[in-house]
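In: Return atomic coordinates for the entry below.
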Amino acid sequence: MLDRIGNFLVEVTDSRRGRILFVLASAFLAGLLEYVVHFTISYYVKSPSLALVIDSVSIALLIAAVAGVEVEAVHHRRRKVIDDMRVVRELNHHVRNALQVIQYASRLPEQRQQVVIIDESVARIDATLKELFPQM
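Out: Coordinates of the predicted model:
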């Protein structure tokens, strides 16, 4: 559940408008919570210093929860980008090797041998793409 909330927050804050709305919504939520907590505490707790402590702790917990979810979501997104970069690195390695073989095969004198080598290289590129991108 925390992961889904984090992903939602990251998606919302991807745009400038989303970040502004997120900040405004967070401020509104914090203010609303402060009002409700203050009203409830002042009704039940008669000590002003204890009411102030409870008020402060409740707002701190809200801000910590929102910041924690956002930090975890950013960490998850960063990990996904690193995994995607690994896939691109693997793709680059395999495709470059196969293309180099195709390039060398074009310089061979016998045409039948060229076709076999080119077909093998194309099959390697296809297998690599299917392995790295199975959903496509």
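In: Longest helix of this protein, counting residues only.
Out: Counting by DSSP state H, the longest helix found in the chain is helix 48-105.
In: Just after that helix, pick out the following helix or strand.
Out: helix 111-132 (DSSP states H and E).
In: What is the least confident helix or strand in the chain?
Out: helix 2-12 (a mean of 74; mean pLDDT, DSSP states H and E).
In: Can you give the contact residues for it?
Out: Residues from elsewhere that reach helix 2-12, judged by C-beta atoms under 8 Å, 6 or more residues apart in numbering: 18, 21-22, 69-70, 72-74, 76-77. Every C-beta, even on glycine, is put in place using the N, C-alpha and C of the backbone.
In: any idea of the mean pLDDT in the longest helix of the chain?
Out: Helix 48-105 shows a mean pLDDT of 82.
In: Could you tell me how far that helix lies from the centre of the chain?
Out: In terms of C-alpha atoms, centre = their mean, to the nearest Å, the centre of helix 48-105 is found 5 Å from the chain centre.
In: Which strands and helices lie in contact with it?
Out: The contact analysis (3 or more C-beta pairs under 8 Å, 6 or more residues apart in numbering; DSSP states H and E) places helix 48-105 against helix 2-12, helix 16-44, helix 111-132.
In: Mind listing what's buried along the second one?
Out: Looking back up the chat, that one is helix 16-44. Residues 33, 37-38, 41 are the ones in helix 16-44 that count as buried (16 or more other C-beta atoms under 10 Å).
In: For it, enumerate the helices and strands it packs against.
Out: helix 2-12, helix 48-105.
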